[in-house]
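*Asks:* have a look at this fold, sequence not included:
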């Protein structure tokens, strides 16, 4: 019973995740990498 509920929850989460969070991650990733590189460059210089 609990396992069935858990599977349905994970399935619902994965469906919403693939649509919303995927785009957020793809959108944020380049900016995060750029910020990390500038931060590293400032520390090394």
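*Replies:* Now that the structure is in, tell me what you want to look at. Predicted, not measured: the structure shown is a model, and the values here were computed from it.

*Asks:* what mean pLDDT does the helix or strand hosting residue 12 have?
*Replies:* Counting by DSSP states H and E, the element that carries residue 12 is helix 2-19. The average pLDDT for helix 2-19 rounds to 75.

*Asks:* next: stretch 30-41.
*Replies:* 76.

*Asks:* report the buried residues of it.
*Replies:* Neighbour counts over stretch 30-41 (16 or more other Cβ atoms under 10 Å) mark no residue as buried. C-beta coordinates here come from the backbone N, C-alpha and C atoms, glycine included.

*Asks:* give me the contacts around it.
*Replies:* Applying Cβ atoms under 8 Å, 6 or more residues apart in numbering, stretch 30-41 has no contact partners.

*Asks:* residue 3 and residue 35, how far apart?
*Replies:* Using Cβ to Cβ, to the nearest Å, we find residue 3 at a distance of 41 Å from residue 35.

*Asks:* again with residue 11
*Replies:* 34 Å.

*Asks:* so who does residue 27 touch?
*Replies:* Counting by Cβ under 8 Å, 6+ apart, residue 27 touches no other residue.

*Asks:* residue 42: helix or strand, and which one exactly?
*Replies:* Counting by DSSP H and E, the element that carries residue 42 is helix 21-44.

*Asks:* now residue 35: how far from residue 7?
*Replies:* Remark: distance between residue 35 and residue 7 (Cβ to Cβ) = 38 Å.

*Asks:* so how far is residue 31 from residue 38?
*Replies:* In this view, residue 38 and residue 31 are 11 Å apart by Cβ to Cβ.

*Asks:* ok, now residue 37?
*Replies:* Residue 37 is 11 Å from residue 31, by Cβ to Cβ.

*Asks:* same question for residue 43.
*Replies:* From residue 43 across to residue 31, the span is 19 Å (Cβ to Cβ).
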